[in-house]
Structure formats: structure tokens, C-alpha cells
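**Q** structure for the following, please:
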Amino acid sequence: MEAAADSKSLTTIRWSVALALLVVCASLVAVITSGRPGPPGAIAGAGAPAQASSAHPLALIVIALAAYAWVLYPPTGGVMVSAAVFFCLIWAWGVLQTVSLSVDLAAFAVLLGVVASAQRHRFRRLHRLRQVLEDLQEEGSVKEQAAAHAWQSNTGLQKKHARYAQLQAVAEQLSNMTDRTPIANLAVERAFSLIGKSDVCLLFLVDRQRQELSLFASKKRDDLTSVRAKHGDQFDRYVLRTQRPLLVNDVRRDFRFTVSLSPERPIASVVACPLLLAQRAEGVLHMDSAQAGAYSQDDLRFLDILLDLISAAMTNAELFQQTQHLAMTDGLTGLMLRRPFHEQLTRELTRASRSKDAVSVVMLDVDKFKDYNDAFGHTAGDLILKSVAEVLRTATPAGGAHARYGGEEFAVLLPRTKRHEAGDIAEAIRRTVEVQVHRSGRGVAVPVTVSLGVASFPDDAKEETELIRIADQRLYQAKHAGRNLVVAA
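**A** As a prediction, the model looks like this:
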């Protein structure tokens, strides 16, 4: 409002000065034309003293107003006013030819020169100021752009720092996991929450038997229906084949893929990374969105780093399971070792005590194994032990356990099995070994036989060590009775 008031006041002053100039010039003309000039050849100012004395102050006022016009009006307006005043003074001097008008005219000429020089200096200075202002504005614009870029960079760095802090937290969580299922669930949950912008996050693992991808873990938006792509799509197969990360900003414009958009769950953007175990693609982590351009290169790099952590965790889980398996399994026969067998027997006895069920143990020993081993070597003896172990695997009912107890001695755990039922199973094992397992002697295949002892909880004993002792005692009763026998009572 103040600026508008100032502009209105300046306009009023300009019109007032213009009107004053017009009035004074008109007065000057009226004064000059009101009387007669002196005769030709008369001394200047002698023929018309009244007109000369009146014209001089009007001329000074016109000169003053013309000088003031340079201040009020733009340069073009000042030039026009000065030109009009100058011609008016020339005319007045030509009519009156007085000394005072000559002085006024000379003074006005000098004043015009001074004003022109001042205006020129002013214009140069104004031009320099404008250039300085433009430079300052340009510098300010550059600094604003730099500040905006720095702010964006700082925001991006903060976002990256937060993501990498989350990755560190994920790495710490993964270091305590030794099972693939919780590792996979953690992978999809963290990828879905940290990257965001996704409708679903799917983790597929390779099924080597079927030679295809199989959905192992998933995370989706709450408002979406269940995921139907249980075996992956063309994006997942592409990543699995190339073993390289994939980023598609608009599936309809990517010539590598032919996508039929589904109204149930439309897909516009896809980001996926391979899960590499021992330099071999074992799965794919896939994220997609219905919005085009949802993912960036930073999202792809973040997902790739997350997959590296998941890959290391799954590799460690496999090594842990292998180590655990080796610690519990006999290397020759593949059966359970004595210690894990005792641990499982303890658990079964505890369960049976609560549920009032029976538990039976069968101990068996290969007859005359030492003699055959001494005669034909340990390699031939190992073949017999492997054959007996295979019989135990096939003859033991589901839910049972079998172990190499030591040397040529084996043990079988039969949960929820009474003594007479365990005796029947032991007899079936004895007959199968006799029929299927043979040893070579002097060019003739001789059947291998085993002796077996059976003990049951709670009929024979209620403690683990006592149950094993009674079964082992009955095993030796079978050996003393002629071998190739089952003693169950």
C-alpha cells in the first residue's frame, strides 16, 4: 500500500510540474507578444524594458522547471521538456534580444550540458549497479541451487545412513539364526519395510528335484489378496538365468518382457536380485509395485547388499546343519551315533511317562563279525555294516530311530511300541538281514546273521540306562543260545 501511495504522489507531482511549465511558458509568450519590440538596430533591452524585465524571471522559472523535469521524468521526458524550453527561450531571445535572455539562454545551455553529463554518469553508474545486482542475483541463485542440492544430498545421505544402520541390525540378527525359515522371513520383512513402495515382496528358492522356483517366504500389503505366483514369473526366471539384479521402471516399455497385466494385481515396476550360494543361484528376492517408476538404483543397491547378507546367513545355516548332522551321524552307516540316540531315548521316556505309553529298545549285534573282519579286511566288514544299516532303515517303523551303538552293534528305538510288538519287529529285522545280507567266503556267498535283544518301558525298566542294560543282556543271551536269535523276555 505504501508503494502504491508513493507512485500516486509521484504522478501528481509530474502532472503538476508539466502544468506549471505549460503555464509559465504561456505566460512568457504572452509577455513577449503583449508589447512591440524596439526599432531595428536599437540596443538590446532599450526598446521594451517592461517586456524584458518581465521575461527574465519567467525564463529563470522555466529553466528551473526544465532542470527539475530531469529529476522527475524519464530521460526521454527530460529531453522533450528541455528541447521545448530551449526553443521557447531561443524564440524569446530572438524577439527581445536582451542581455538577460542571452545570459539565461547561455546558462540554460551550460545547465543542459551539466545535466547531460550528470545523467550520463548516472546511467553508467546505474548500469554498473544493475550489472552488480544481476551478478548478485545470479550468485544468489547459484548458492540457492547449491544449498538445495546440499539439502537433497544431506537428506539422501541421512536416508542411506538409516538404511545401512538397519542393514547392520539385520546382520546382527542373522548372526544368531541357524535355520533357513526364519532367515527367509526376516529377509522379506526387512526388504518390504525398508525399501517400501511395494505391493508384495516374494522370496523364491530353487527346488532341485522339480527344477523350478518355489515360493518360500512372502510379505504383502494388507489390502491385497493372496499371492498366486507360487513358482515365480518371467522376471524371476530372467534373474535366475542371468544371475544379475533387475530393475524395471515400466514393464510395458521393456522389450525384454511380455507382460499381460492382471486386474487382480497389476504390475508396473519390478526390482529383483538373485540369491547366490557358493556362486550358484539358489533363489530370487522379488518386489513389485502397481506404480511405474517406483524404484531407484539406490533401492536396487540396497536390495543387493541385503541379499549378500541373506546369502551369507543361509550358507552359515547350511554349514551349521551339516556340522550338526556330522556330529550326530555315523560317517560309515549314516545312522545316529550313541549320544544323540540316548538323548532321544530320554525324551521318549519322559513323554511316555506322561502319556502312559510303552517304549521299546532293540539291541543287535552282527554274529562272528570280528572273525570275518580279520579274515577279509575292514573294507569288506564296512560293506556288511552298511548293508545292515540299510535293513534297519527300511524295517524300522515310522517314528522310530536307529543308531550305530558301537563297532558292529546297533540299537533301535521304537516309541509307542509294546514288548511283543518290538519282538515281532526284531524278528523281521533278523530275517531280512539273513536273506539280504551276505558275505563272501572261499568263493561262496554266506548269509550274515544278527542276534537281537529287546527291552520295554515300563515292563522291564523305567530308566534309560537300565533299559539299555536289559536289552544288551538279552542280546548276549541270544548269542550264547546259538546266535541268529531274538530274545525279548
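**Q** and the helices in this protein?
**A** 2-34, 49-72, 75-96, 99-174, 180-195, 234-242, 297-328, 338-355, 369-376, 378-395, 419-436, 464-480 (DSSP state H).
**Q** tell me which of those sits nearest to E409.
**A** Distances from E409 to each of the helices of the chain were compared using CB to CB; the shortest belongs to helix 464-480, at 7.9 Å. Any C-beta I mention is one placed from the backbone N, CA and C, and that applies to glycine too.
**Q** how is this structure carved up into domains?
**A** Residue ranges of the domains in the chain are recorded as 1-34+49-174, 180-326, 338-487, according to automatic domain parsing.
**Q** now render the ones you listed as JSON lines, adding mean pLDDT and distance to L332.
**A** Compiled in JSON lines, the domains of the chain are given as follows (pLDDT from 0 to 100; distance: least, CB to CB, whole Å):
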{"stretch": "domain 1-34+49-174", "mean pLDDT": "78", "distance to L332": "35"}
{"stretch": "domain 180-326", "mean pLDDT": "84", "distance to L332": "12"}
{"stretch": "domain 338-487", "mean pLDDT": "89", "distance to L332": "6"}
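**Q** a markdown table for those, including mean neighbour count?
**A** A markdown table is the format used below for the domains of the chain (neighbours: other CB atoms under 10 Å):
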| stretch | mean neighbour count |
| --- | --- |
| domain 1-34+49-174 | 14 |
| domain 180-326 | 17 |
| domain 338-487 | 18 |
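**Q** export the helices of the chain to TSV and tack on distance to A403?
**A** Putting the helices of the chain into TSV (distance: least, CB to CB, whole Å) gives the following:
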stretch	distance to A403
helix 2-34	99
helix 49-72	114
helix 75-96	111
helix 99-174	33
helix 180-195	26
helix 234-242	40
helix 297-328	9
helix 338-355	4
helix 369-376	17
helix 378-395	9
helix 419-436	14
helix 464-480	11
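**Q** of all those, which lies closest to A401?
**A** Distance to A401, taken as CB to CB, is lowest for helix 338-355 among those, at 5.5 Å.
**Q** which strand residues bridge V359?
**A** The bridge-partner assignment for V359, based on DSSP bridges, gives P415, F457.
**Q** quick one: it from E421, how far?
**A** Per CB to CB, to the nearest Å, V359 is found 11 Å from E421.
**Q** residue contacts, the nearest residue to L475 once chain neighbours are set aside?
**A** Of all residues not flanking L475 in the chain, G453 sits nearest, at 3.3 Å (CB to CB, 6 or more residues apart in numbering). The neighbours of G453, taking CB atoms under 8 Å, 6 or more residues apart in numbering as the test, are 362-364, 470-478, 486-488.
**Q** hmm, 6 Å instead?
**A** By CB atoms under 6 Å, 6 or more residues apart in numbering, the contact set of G453 is 363, 471, 474-475, 487.
**Q** save the residues you listed as CSV, and put in distance to S387 too.
**A** Putting these into CSV (distance: CB to CB, whole Å) gives the following:
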residue, distance to S387
M363, 18
A471, 22
R474, 24
L475, 19
V487, 23
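**Q** now, which of those residues sits nearest R404?
**A** When these are ranked by distance to R404 (CB to CB), M363 comes first, at 11.8 Å.
**Q** any idea how far the residue nearest to S269 when sequence neighbours are not counted is from Q152?
**A** With CB to CB, 6+ apart as the criterion, S269 has its nearest non-adjacent residue at 4.0 Å, and that residue is A294. Counting by CB to CB, the separation of A294 from Q152 is 19 Å.
**Q** nearest residue to the residue nearest in space to the middle of the chain in space, please, no chain neighbours.
**A** Relative to the mean C-alpha position of the chain, the nearest C-alpha, by CA atoms, centre = their mean, is the one of D299, at 3.3 Å. Nearest in space to D299, with sequence neighbours left out and distances taken as CB to CB, 6+ apart, is I195 at 5.2 Å.
**Q** okay, S34 and S102: tell me how far apart.
**A** S34 sits 21 Å away from S102, going by CB to CB.
**Q** who touches K160 in this structure?
**A** Contacts for K160 (CB under 6 Å, 6+ apart) come out as none.
**Q** ok, back up a step: measure the residue nearest to the centre of the chain to H161 for me?
**A** Taking CB to CB as the criterion, D299 is separated from H161 by 16 Å.
**Q** with F123 instead?
**A** 55 Å.
**Q** now T333
**A** Taking CB to CB as the measure, T333 and H161 are separated by 54 Å.
**Q** and what of D308?
**A** 19 Å.
**Q** same deal with A92?
**A** Noted for A92: a distance of 85 Å to H161, by CB to CB.
**Q** per-residue pLDDT, A42?
**A** The confidence metric pLDDT takes the value 42 at A42.
**Q** kindly report the same for A46.
**A** At A46, the predicted lDDT confidence score is 44.
**Q** so L452 versus D460, what's the distance?
**A** L452 sits at a distance of 15 Å from D460 (criterion: CB to CB).
**Q** related to what we said a few turns ago, these two touch, right, the residue nearest to S269 and V270?
**A** No. Contact criterion CB atoms under 6 Å: A294 and V270 do not qualify, at 9.1 Å.
**Q** contacting residues for H480?
**A** In this structure, H480 makes contact with no residue, judged by CB under 6 Å, 6+ apart.
**Q** whoops, I mixed them up, G94
**A** Listed by CB under 6 Å, 6+ apart, the contact set of G94 is empty.
**Q** that one and S102: what is the separation?
**A** 11 Å.
**Q** equivalent analysis for L335, please.
**A** The span separating L335 from S102 equals 137 Å under the rule CB to CB.
**Q** and S53, by the same measure?
**A** Between S53 and S102 the distance, using CB to CB, works out to 15 Å.
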